[in-house]
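Colleague: make a model of this:
(one chain, ligands or ions: 1)
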Amino acid sequence: MDDASVARRVVLGVAGGIAAYKAAEVLRGLTEAGCDVTVVPTRSSLAFVGLATWQALSGKPVATDVWTNAHLVPHVRLGQEAACIVVAPATADLVARAATGLADDLLTNVLLTARCPVILAPAMHTEMWEHPATRHNVAVLRERGLLVLDPAVGRLTGADSGPGRLPEPGAIVAAVLDVLRRRGGALTRDLSGRRIVISAGGTREPWDPVRFLGNASSGRQGVELARTAITRGAEVTLVAAHMDLDPPAGCRVVTVGTAEDLRVAMHAECAAADVVVMAAAVADFRPSVVGSSKIKRSAVADEVSLPLAQNPDVLHELVEARRGSSSPFIVGFAAETGDATGDVLHHARAKLARKGCDLLVVNDVGEGRAFGRPDNEVVILGRDGSRVDVPRADKADIADAVWDAVVRDLV
Ligand code: CTP
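Modeller: Predicted structure coming up:
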């Protein structure tokens with residue numbers, strides 16, 4: 001096996017919950033991303049998805065106990081050789097066994113021998129997730145450096161709904177890939193315990209019930225900021241305007257439409273935040289008058305003019321709301337183009353002074369250079385005059401560079 005596949009060896013643990021069927025999609029996603037996946041289901045999970053499914057989908061033998069193929073010492077080898085272990089779903093029982101260090105089946109043995117990053121994607125009923133025993137176990141595991149993703153909020157097994165749902169398989173795959181992307185393999189937990197609020201996507205300003213003014217933001221940079229912050233241990237709330245992609249696994253999502261919705265949500269969420277990042281493309285203008293019914297083509301002249309009103313500058317308001325205190329730490333983004341009056345950095349420095357935030361991540365958006373692309377190139381300017389140039393890289397790497405700058409300055 002070459003070095004690249006060793007670096008992508010993943011153990012997928014599957015515990016006994018109804019969401020076990022979704023692990024098949026996680027397996028498929030990891031395999032398609034080039035990972036070499038060994039599935040380790042618990043015995044009770046086989047009541048939901050059988051061994052044959054895991055063997056066929058992974059193309060490998062699959063066992064639940066330490067006695068199968070004992071001559072290969074799988075309970076030690078799998079944990080030692082993995083580049084990442086992900087358990088999806090992680091039930092309340094699995095979380096409890098992992099927290100207490102029990103080793104009564106192959107999966108818990110693998111968890112004890114692992115020296116690589118471990119991700120648990122819990123799925124259980126809300127009552128079980130909120131039970132003090134589970135809260136304690138999750139806290140113990142996080143303290144130990146495991147990445148325990150918060151479950152999603154939504155429909156559970158029956159008609160009930162609440163926190164406890166397994167995050168979407170694609171988001172779990174993305175969390176694993178984010179861990180594998182980090183060279184050296186170790187999880188950096190330098191945002192552990194930090195409450196971070198990130199706005200992402202583009203606001204939409206209605207003109208009538210079917211039309212709006214929007215913008216080209218895909219939300220990708222904000223999503224990568226959220227995902228990488230979660231990987232680095234933060235508790236993340238994503239204030240999501242219109243986005244072309246799903247939010248990452250493990251964050252709280254507050255959905256907003258207009259700049260005014262976003263403004264209200266950001267003020268509410270930021271009160272208890274340690275760090276705020278305004279990655280959203282907030283519309284500067286909105287139609288002055290919003291039609292209550294669809295504006296008919298026949299009702300307007302050949303040339304239509306649309307009066308616009310200015311929206312508030314949310315970033316500036318959040319800075320003002322700190323009233324001179326240094327908390328929360330506030331990061332702004334600047335979409336800039338050079339013009340006859342100055343280059344991109346000239347405009348960005350003026351914007352940093354105007355907005356008053358702690359860091360400004362400057363994007364040159366001329367000629368489709370940033371919007372919707374998987375990569376970007378930014379300059380991070382600090383209020384103290386600092387400047388970090390981040391060369392063209394994947395937006396996940398850009399996000400990590402932003403967090404590096406935040407960690408450097410955060411008191
Ligand atoms: N922003 C905001 N509220 C607005 C507009 C922008 O909070 N109404 C935030 C953005 O989220 C970003 C920063 O301000 O973090 C800079 O956004 P940008 O579009 O570059 O600047 P503008 O303030 O809109 O200034 P201009 O369009 O004149 O360059």
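
Colleague: how deep is the closest residue to residue 148 other than its chain neighbours tucked in, by neighbour count?
Modeller: Residue nearest to residue 148 in three dimensions, not counting chain neighbours: residue 120, with 4.7 Å by CB to CB, 6 or more residues apart in numbering. No exception for glycine: its C-beta is placed from N, CA and C like everyone else's. By the measure other CB atoms under 10 Å, the count of residues near residue 120 is 24.

Colleague: ok, now which ones touch residue 24?
Modeller: Applying CB atoms under 8 Å, 6 or more residues apart in numbering, we find residue 24 in contact with 49, 53, 57.

Colleague: remind me which helix or strand the second one belongs to.
Modeller: Right, residue 53. helix 51-58 (DSSP states H and E).

Colleague: helices and strands around that helix, which ones?
Modeller: helix 23-32, strand 36-41 (3 or more CB pairs under 8 Å, 6 or more residues apart in numbering; DSSP states H and E).

Colleague: let's have the contacts of residue 24 in a markdown table, adding distance to the ligand.
Modeller: Output for the contacts of residue 24, formatted as a markdown table (distance: CB to the nearest ligand atom, whole Å):
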| residue | distance to the ligand |
| --- | --- |
| 49 | 43 |
| 53 | 45 |
| 57 | 42 |
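
Colleague: who in the stretch 151-300 of the chain is up against the ligand?
Modeller: 259, 278, 280, 282, 284 (CB under 6 Å from any ligand atom).

Colleague: how about 8 Å then?
Modeller: Selection of the stretch 151-300 of the chain residues close to the ligand by CB under 8 Å from any ligand atom yields 199, 259, 262-263, 266, 278-284.

Colleague: just how off-centre is stretch 56-68 within its chain?
Modeller: 31 Å (CA atoms, centre = their mean, to the nearest Å).

Colleague: residues contacting the nearest residue to residue 227 once chain neighbours are set aside?
Modeller: What sits nearest to residue 227 in space, not counting adjacent residues and going by CB to CB, 6+ apart, is residue 248, at 3.7 Å. Residues near residue 248 by CB under 8 Å, 6+ apart: 171, 174-175, 223, 226-227, 230, 238.

Colleague: okay, now the domains of this protein?
Modeller: 3-181, 195-409 (automatic domain parsing).

Colleague: residue ranges for the helices of the protein, please.
Modeller: For the chain, applying DSSP state H gives helices covering 3-6, 23-32, 51-58, 74-81, 92-100, 106-113, 126-130, 132-143, 169-181, 220-231, 259-270, 314-321, 344-355, 395-409.

Colleague: ranking the ones you listed by burial, who's on top?
Modeller: When you average the neighbours per residue for each of the helices of the chain (mean count of other CB atoms under 10 Å), helix 220-231 leads with a mean of 27.

Colleague: so what's whatever residue of the stretch 101-250 of the chain ends up closest to the ligand up against?
Modeller: Closest residue of the stretch 101-250 of the chain to the ligand, CB to the nearest ligand atom: residue 199 (6.3 Å). For residue 199, the contact set (CB under 8 Å, 6+ apart) comprises 222, 238-241, 262, 266, 277-280, 282, 314.

Colleague: likewise for residue 207?
Modeller: Counting by CB under 8 Å, 6+ apart, residue 207 has contacts 213, 287, 290-291, 295, 306.

Colleague: low-scoring pLDDT stretches of the stretch 201-350 of the chain, where are they?
Modeller: By pLDDT under 70, the stretch 201-350 of the chain contains no weakly predicted segment.

Colleague: how about the strands in the stretch 201-350 of the chain?
Modeller: Taking DSSP state E, counting those that start in this stretch as the criterion, the stretch 201-350 of the chain carries its strands at 205-206, 212-213, 235-240, 252-255, 275-278, 285-287, 308-310, 329-336.

Colleague: show residues contacting the third one.
Modeller: Read that as strand 235-240. With CB under 8 Å, 6+ apart, strand 235-240 has contacts from 150, 193-201, 219, 222-223, 226, 229-230, 247-248, 250-256, 262, 265-266, 269, 273, 280.

Colleague: go on, the longest one?
Modeller: Contact with strand 329-336 is made by 221, 274-279, 281, 315, 318-319, 322, 344, 347-348, 351-352, 355, 357-365, 370, 402, 406, 409-410, as judged by CB under 8 Å, 6+ apart.

Colleague: thinking again about what came up before, confidence score at the residue of the stretch 101-250 of the chain closest to the ligand?
Modeller: You'll see residue 199 listed with a pLDDT of 98.

Colleague: can you tell me the closest non-neighbouring residue to residue 309?
Modeller: Nearest to residue 309 is residue 288, by CB to CB, 6+ apart, at 4.5 Å.

Colleague: OK, contacts around the one you found?
Modeller: Residues in contact with residue 288 (CB under 8 Å, 6+ apart) are 307-309.

Colleague: now the buried members of those residues.
Modeller: By neighbour count, with 16 or more other CB atoms under 10 Å, the contacts of residue 288 hold no buried member.

Colleague: just put the residues of the stretch 151-300 of the chain next to the ligand in JSON lines and tack on distance to residue 328.
Modeller: Formatted as JSON lines, these follow (distance: CB to CB, whole Å):
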{"residue": "199", "distance to residue 328": "13"}
{"residue": "259", "distance to residue 328": "20"}
{"residue": "262", "distance to residue 328": "16"}
{"residue": "263", "distance to residue 328": "16"}
{"residue": "266", "distance to residue 328": "11"}
{"residue": "278", "distance to residue 328": "11"}
{"residue": "279", "distance to residue 328": "15"}
{"residue": "280", "distance to residue 328": "16"}
{"residue": "281", "distance to residue 328": "21"}
{"residue": "282", "distance to residue 328": "18"}
{"residue": "283", "distance to residue 328": "24"}
{"residue": "284", "distance to residue 328": "23"}
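
Colleague: nearest to residue 78, of those?
Modeller: residue 279 (38.4 Å; CB to CB).

Colleague: what about that closest one, distance to residue 241?
Modeller: Using CB to CB, to the nearest Å, residue 279 is found at 10 Å from residue 241.

Colleague: one more: residue 70?
Modeller: Residue 70 is 54 Å from residue 241, by CB to CB.

Colleague: who touches the residue nearest in space to the middle of the chain in this structure?
Modeller: Residue closest to the mean C-alpha point of the chain, counted by CA atoms, centre = their mean, is residue 227 at 2.6 Å. Taking CB under 8 Å, 6+ apart, we find residue 227 in contact with 174-175, 178, 248-249, 396, 399.
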